[in-house]
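Trainee: Next come a sequence and a model predicted from it.
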Amino acid sequence: MLKPATLSLTNKNSIFFILLFSFVLKGALVFSTQVPNPDGVLYINAAREFTLGHFQQGIKIYPMPFYPFLIMLFHYAIPDWIRAAQTISWLSMVFATIPLYLIAKKLFGYKPALWGIISYSLAPHFNTIASKIIRDPLEFS
């Protein structure tokens with residue numbers, strides 16, 4: 001008979017430290033990148049139009065308003081447009097670790113899931129995406 005998986009204190013600590021490490025690593029990459037990618041300029045311009053109340057103009061710039069609207073919301077907390085947009089990618093990539101861990105744990109067990117999120121946290125592709133202003137982290141590419 002299978003027992004339900006319980007999360008011991010050691011498991012919680014290791015997951016917490018992996019999330020913290022991923023947060024710090026991706027944050028260092030975000031703060032070392034200042035120049036936005038070409039798509040990022042498009043999203044930021046649409047978000048600026050939304051902030052000014054020009055919703056039709058913002059939709060003309062970029063017809064799918066969710067991501068620019070999210071940038072606009074983050075801009076209220078972070079005054080720099082580039083950093084506000086990068087924070088969305090950064091946090092999305094860090095928080096994607098949680099469902100990745102839970103799915104891997106359910107399919108393969110604790111140790112493979114732990115190694116999976118460690119690999120995910122160190123993977124150059126995902127760390128690069130975390131510093132760009134693109135919609136992909138929200139779609140978890």
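Mentor: Perfect, thanks for sending it.
Trainee: Export only the CA atoms of the host helix or strand of Asn127, formatted as CSV.
Mentor: Asn127 is part of helix 124-130, with elements assigned from DSSP states H and E. These are the backbone C-alpha positions of helix 124-130, laid out as CSV (Å, rounded to 0.1, in the frame of the first residue of the first chain):
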residue,chain,number,x,y,z
PRO,A,124,21.6,28.6,-18.7
HIS,A,125,18.6,28.8,-21.0
PHE,A,126,16.1,29.4,-18.2
ASN,A,127,18.5,31.9,-16.5
THR,A,128,18.8,33.8,-19.7
ILE,A,129,15.1,33.9,-20.2
ALA,A,130,14.6,35.3,-16.7
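Trainee: how distant is that helix from the center of its chain?
Mentor: 10 Å (Cα atoms, centre = their mean, to the nearest Å).
Trainee: Just give me the residue right at the centre of this protein.
Mentor: Ser92 (1.9 Å; Cα atoms, centre = their mean).
Trainee: Could you check how far that residue is from His54?
Mentor: In this view, Ser92 and His54 are 27 Å apart by Cβ to Cβ, to the nearest Å. (Glycine included, C-beta is placed from N, CA and C.)
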